[in-house]
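Just the structure for this:
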Amino acid sequence: MNMRPALAAVLVFAVIAVALFASFALSSIRVYSYSISGKITVSASGINTININDPAGAVNVEAYNGSEITVSYVSESNVFSPVTPSINASSGALNINVRPQYISFGYAVYINVLVPYTVKPYIFVKLSAGNIMVQMPCSQSVYLVTSTGNIYVNVSELPQATLEAVTGNVELMSAKTYNVYASTVTGDISANLKGPLTGNYVFRDVTGNINVYIPANSSVSFVLSSANGGYVVSGIPYNAISQQNGIISGSAGTGMASLSETTTTGNVFLGTN
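The predicted model follows:
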């Protein structure tokens, strides 16, 4: 693929044990692929332009301003039929949806998305199994869900982030994030929020640890809770409001933002970056 200097990489890495079959509703193009040696390259340079090359194995989508790319895997009724990803280009957002699979051919599918620095897409990714990684300068929002896998997000400007895993770790890095909801059941959660906190930040776990790092001068009201673990607040000048039975609540600065960390059997930590 021709890599332009103005492009920022958004890498959505999904490891899925499927065979690859593509149906492009916009252009009525159908590409079959059973090989891991090649790739499918989709270039959406305009709202109604899609070009496909090298159909074998991985999917690379290059989206320009005003494009919407949707990738969804749907199992056919016949168990011997390959799954069906469909890619449509219109306007407004970047969406990737991978539904549960009922057949397996034992190799990985890689999805790579590139957008310009000037574009702030909405990103939606839903996997039944696989890792999700998003790296880019800015995004309007990300909604990332995986049942079995890890989630990693590194976005400098990110007004809204929803990150949900069941079996896996969740990691978030951002210089300007206004609202965050991150949850997992059997993994750990780590968040490094480098910009001023102005919204709501919720982190929920069951068996794992939660570690959140914020600026030392943050104005935030917080609640840390661990039913069977411990909690630590480090480097942040705060006033304790209550502290009992594995729960501590406090306020730093004006308390403008709201932050909560909740886990059942893990530890919770709130410190400075």
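
Quick check: the gap between residue 197 and residue 182.
Relative to residue 182, residue 197 is positioned 14 Å away (Cβ to Cβ, to the nearest Å). To be clear about C-beta, it is placed using only N, CA and C from the backbone, and glycine gets the same treatment.

try residue 257
Distance of residue 257 to residue 182, computed by Cβ to Cβ: 15 Å.

Same check on residue 199?
13 Å.

can you check residue 143 too?
When residue 143 is compared with residue 182 (using Cβ to Cβ), they lie 12 Å apart.

Overlap in contacts, these two.
residue 162 (Cβ atoms under 8 Å, 6 or more residues apart in numbering).

neighbour count winner among the two?
With neighbours defined as other Cβ atoms under 10 Å, residue 143 and residue 182 compare such that residue 182 has more, 26 against 16.

wait, doesn't the more buried one sit right on residue 208?
No. Look at residue 182 against residue 208 with Cβ atoms under 8 Å: they stay out of range, at 11.3 Å.

Can you pull the residues that touch both of those two?
Between them, residue 182 and residue 208 share these contacting residues under Cβ under 8 Å, 6+ apart: residue 189.

Provide a list of residues in contact with the residue nearest to residue 255 when sequence neighbours are not counted.
Once flanking residues are discounted, residue 255 sits nearest to residue 221: 4.0 Å by Cβ to Cβ, 6 or more residues apart in numbering. The contact partners of residue 221, taken as Cβ under 8 Å, 6+ apart, are 249, 250, 251, 252, 255, 257, 258, 259.

in what helix or strand does the fifth one lie?
Read that as residue 255. Counting by DSSP states H and E, no helix or strand carries residue 255.

pLDDT score for it?
We have a pLDDT of 91 for residue 255.

Can you report how many residues lie near it?
Neighbour tally, residue 255, other Cβ under 10 Å: 16.

what's the answer for the second one, then?
A count of nearby residues for residue 250, using other Cβ under 10 Å, gives 20.

these two touch, right, residue 205 and residue 189?
Yes. Assessed by Cβ under 8 Å, residue 205 is found in contact with residue 189 at 5.6 Å.

and for those two, which residues touch both?
Counting by Cβ under 8 Å, 6+ apart, the shared contacts of residue 205 and residue 189 are residue 183.

give me the low-pLDDT residue ranges for the protein?
For the chain, the stretches with pLDDT under 70 are 1-121, 129.

Spit out the contact partners of the nearest residue to residue 273 once chain neighbours are set aside.
Counting by Cβ to Cβ, 6+ apart, residue 273 lies nearest to residue 213, which is 4.0 Å off, once chain neighbours are set aside. Each residue near residue 213 by Cβ under 8 Å, 6+ apart is listed here: 191, 192, 193, 271, 272, 273.
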